[in-house]
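1. Pasting the sequence and the predicted coordinates here, then a few questions.
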Amino acid sequence: MFLVQDIKVEIIEADKYYGKFKVSGINPAIANAFRRALLAEVPTMAVDEVVILENTSALFDEILAHRIGLIPLKTDFDLVEEYIEDRESAIKKTVSLILEIEALDENVTVFSGHLKSEDPHVVPVSDSIPIVKLAKGQRIILEAFARLGCGREHAKWQPVSVAAYKYMPMVEIIYEKCDNCMKCIDVCPKDVFDLTGNKVIVKKPMNCSLCNACVEVCSTNALLVKGDETTIIFNIETTGALTFEEVVLAGFDILAMKAREFKKSVRELIKEKT
């Protein structure tokens, strides 16, 4: 955990491409701005142009190009930082990927791993994404060009498959009213409650989705469930183009950049009026 003025950040769980963390001292507007930055502003590499030289598969050229465009590509974080600082310069850099394959003696399934990139750092995040099936004698020869872009242009540039947040759940049992009917345990879809001896307890409050199913079945009104709007829990899962750490850092960098630009614009407007 670390402290930035009155904002606290706590990592709940994290691995290379997934993370959950809790932020205290912010409001839903800031949380949503960060979520939208991850979805629409953080850049990644994706195929933006496909030159098809030969395609005798069952798929039309447009569908084949569309499928290739949606394959997530690993992205160098240095390029992401360059894009944030100078977008016009960064988008001029392209990477070529070649696909040349033919079904000779039997049917062949073409996977993302068959794409050969000129840059070893810009490759499909997985070699096992299916593209098309070729019958015996069918062939595909094409060249694809990848460039940096962001989600506001097209979903293929989104670096995250999940970018969600929720309020920190606050679940309280009023034991003076509780009759231990255990209906809350049975109805809860998130395993929030448990039974210790003959007493119902709040076992995993952070799991709560604030659905209020437990409150609705409690006939004695012994449960209080609400969300703390000043403490936000984020769930982030990347497509593999960037790591969890890289996506989060880029998202914060973009918010900071936008804040600086807004401040600069306000100053210029004030100068014009004075």
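-> Noted; the coordinates are in hand. Numbering: from 1, shown residues only.
2. G227 and Y165, how far apart?
-> Counting by CB to CB, to the nearest Å, the separation of G227 from Y165 is 11 Å. For the C-beta atoms, the positions are set from N, CA and C on the backbone; glycine is no exception.
3. Oh, that last question was meant for S126, not what I typed.
-> 27 Å.
4. Please identify which of these two sits among more neighbours.
-> Between S126 and Y165, Y165 has the larger neighbour count (other CB atoms under 10 Å), namely 17 against 14.
5. what helix or strand does that one sit in?
-> Taking DSSP states H and E as the definition, one finds Y165 inside strand 160-173.
6. And I98, by the same measure?
-> I98 is part of strand 94-102, with elements assigned from DSSP H and E.
7. Parallel or antiparallel, list what pairs with that strand.
-> strand 116-117 (antiparallel), strand 139-149 (antiparallel) (DSSP bridges).
8. can you give me the mean pLDDT across whichever helix or strand comes after that strand?
-> Downstream of strand 94-102, the next assigned helix or strand under DSSP H and E is strand 108-111. Mean pLDDT, computed over strand 108-111, is 96.
9. how close does I233 sit to L142?
-> Using CB to CB, I233 is found at 44 Å from L142.
10. How about L255: what's its closest non-neighbour residue?
-> Once flanking residues are discounted, L255 sits nearest to A37: 5.6 Å by CB to CB, 6 or more residues apart in numbering.
11. Just to be sure, that neighbour is in a helix?
-> Yes - according to DSSP: H, G, I helix; E, B strand; the rest coil, A37 belongs to a helix.
12. A250 reaches V42, doesn't it?
-> Yes - assessed by CB atoms under 8 Å, A250 is found in contact with V42 at 4.5 Å.
13. Which one's more surrounded, the two?
-> Shown here are A250 and V42; by other CB under 10 Å, V42 has more neighbours (29 against 23).
14. If I look at the more buried one, what pLDDT would I see?
-> If you check V42, the pLDDT there is 95.
15. thought it was touching L242?
-> Yes - taking CB under 8 Å as the definition, V42 is a contact partner of L242 at 7.4 Å.
16. which residues do the two both contact?
-> The contact sets of V42 and L242 overlap at 80, 159, 250 (CB atoms under 8 Å, 6 or more residues apart in numbering).
17. Burial check on the first one, number of neighbours?
-> With neighbours defined by other CB under 10 Å, the count for V80 comes to 26.
18. Just to be sure, it is in a helix?
-> Yes - under three-state DSSP, V80 sits within a helix.
19. Contact partners for it?
-> By CB under 8 Å, 6+ apart, the contact list for V80 reads 42-44, 148, 242, 246, 250.
20. let's see it at 10 Å
-> Contacts of V80 were listed using CB atoms under 10 Å, 6 or more residues apart in numbering, and they are 42-45, 90, 148, 150, 159, 241-242, 246-247, 249-250, 253-254.
21. again, but for E82
-> If you count contacts by CB under 10 Å, 6+ apart, E82 has them with 43, 76, 89-91, 93, 148.
22. Can you list the residue ranges for strands in this structure?
-> Remark: strands assigned in the chain by DSSP state E are 2-4, 7-14, 18-24, 44-55, 94-102, 108-111, 116-117, 130-134, 139-149, 160-173, 193-196, 199-202, 223-238.
23. Those: lowest mean pLDDT?
-> In terms of average pLDDT, strand 2-4 trails the rest of the strands of the chain, at a mean of 45.
24. Need the single longest helix in this protein, by residues.
-> Counting by DSSP state H, the longest helix found in the chain is helix 244-273.
25. If anything else comes up later, I'll come back, but that's it for now.
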